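S.K.: here is a sequence together with a model predicted from it:
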Amino acid sequence: MNYKVCGNDIVLIQSDFDLDETLDCGQAFRWERIDKNSKNAYNLSKFDFDKAYKGYKLNTPLLISQVNIGENFGASQITLHNTSEQDFLDIWVDYFDLETDYTRLKEEFSCDEIMSCACKFAPGIRMLKQDKWEALCSFIISQNNNIPRIKGIISRMCEHYGRFPSYEDIAGETVESLAFMRAGFRAKYLIDAAQKMASGEIDLDDISSMDLQSARNSLMTIKGVGPKVAECALLYGMYRIDAFPIDVWIKRVMEEYYTEGLPDCVKGKEGIAQQYLFHYIRNRENEKKD
């Protein structure tokens, strides 16, 4: 890992990492892209960057920017602003999965023609290792929802509590008291998840170490948590990269390309493969519409 401390910033030279493809691809909902015209408001006036984001891991904020210095994401200069080296090593190295060799992963996946196309389409995707509770809440909220509305609900929730609320905070709420979130039917599911955690019926740390099917079954004892939400909570909140969430886009991929199942080259890493496939099929369809 090639990084250096530059005053209050960490400057990282990293391959296979694009902020747009990683932070705005539907795996996390608390990242906001910063327009270059508003960079003065974020104290970025002295920085030249191609893209920048402000966001959080649970309640730890981060301002991060990128300058592309290599073709096809061979390398990018990533700056983590106002971040100590200790926080970088303790929090952000893990969160951005910086110790995983994505070049090697993409080479393995590219044994399959469709996976090769997907990896080339969005070569800068990385998995985010999110907080377990934050990911579970986020994907409960994501049900039958679109990304702007999901972000809005989570933003209102965090603004109300002044932080991302703990399960103890939510366990004491009612559907009526959570009306400010405008989460609709999802509010009662959040409360049930929080109350089950508060009572000890659900322990996310225990679930993360279970075999995959047992972990799925445990999560699905929460009201409103079906197979997709359980799979997302496992993949994004517990880094169970053998989990494989199936939404309308992945269902289309499976029906069009993998009627007999995923190729052997992604076995054990189906969740990471899913990220490339999801981004590829969704954006390919959007490009066709344009």
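M.R.: Cool, got the structure. From a predicted model like this one, the values you see are computed outputs, not experimental measurements. Residues are numbered from 1 along each chain as shown.

S.K.: helices or strands next to the helix or strand harbouring Ile207 in the packing?
M.R.: Element membership of Ile207 [criterion: DSSP states H and E] is helix 204-208. Contact analysis of helix 204-208 by 3 or more CB pairs under 8 Å, 6 or more residues apart in numbering; DSSP states H and E lists helix 132-141, helix 212-219, helix 227-238 as its packing neighbours. Where you see a C-beta, it was placed from the backbone N, CA and C, and this is true even at glycine.

S.K.: would you mark the buried spots in the last one?
M.R.: For helix 227-238, a neighbour-count test (16 or more other CB atoms under 10 Å) marks 229-238 as buried.

S.K.: ok, so what distance separates Asp90 from Ser84?
M.R.: Distance, Asp90 to Ser84, using CB to CB, to the nearest Å: 9 Å.

S.K.: what does Ala183 give?
M.R.: Plainly put, Ala183 is 35 Å away from Ser84 if you go by CB to CB.

S.K.: repeat that for Pro263.
M.R.: Using CB to CB, Pro263 is found at 42 Å from Ser84.

S.K.: same check, this time on Leu204
M.R.: According to CB to CB, Leu204 and Ser84 sit 27 Å apart.

S.K.: and those two? Which one has more around it.
M.R.: Shown here are Leu204 and Ser84; by other CB atoms under 10 Å, Leu204 has more neighbours (20 against 13).

S.K.: identify the residues contacting the more buried one.
M.R.: Counting by CB atoms under 8 Å, 6 or more residues apart in numbering, Leu204 touches 132-133, 136, 197, 237-238.

S.K.: element containing Leu62, please.
M.R.: With elements taken from DSSP H and E, the one containing Leu62 is strand 60-68.

S.K.: that strand packs against which elements?
M.R.: The helices and strands touching strand 60-68, judged by 3+ CB pairs under 8 Å, 6+ apart, are helix 19-23, strand 51-57, strand 76-81.

S.K.: let me know which of the ones you listed is the nearest to Leu63.
M.R.: Nearest of the helices and strands packed on strand 60-68 to Leu63, taken as CB to CB: strand 76-81 at 4.2 Å.

S.K.: pull the CA atoms of the closest one into PDB?
M.R.: As requested, the backbone C-alpha atoms of strand 76-81 are provided in PDB (Å, rounded to 0.1, in the frame of the first residue of the first chain):
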ATOM      1  CA  SER A  76      -5.300   7.000  -9.000                       C
ATOM      2  CA  GLN A  77      -4.100   9.600  -6.400                       C
ATOM      3  CA  ILE A  78      -6.600   9.400  -3.600                       C
ATOM      4  CA  THR A  79      -6.500  12.000  -0.900                       C
ATOM      5  CA  LEU A  80      -8.200  11.500   2.400                       C
ATOM      6  CA  HIS A  81      -8.500  15.000   3.800                       C
END
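
S.K.: and the helix or strand bottoming out on mean pLDDT in the chain, what does it pack against?
M.R.: When the helices and strands of the chain are scored by mean pLDDT, DSSP states H and E, helix 270-289 comes last with a mean of 83. In terms of contact count using 3+ CB pairs under 8 Å, 6+ apart, helix 270-289 is assigned the packing partners helix 102-109, helix 113-121, helix 248-257.

S.K.: 7 Å - rerun?
M.R.: Contact here means 3 or more CB pairs under 7 Å, 6 or more residues apart in numbering; DSSP states H and E; on that basis helix 270-289 packs against helix 113-121, helix 248-257.

S.K.: now the last one: average pLDDT?
M.R.: Per-residue confidence for helix 248-257 averages out to 94 on the pLDDT scale.
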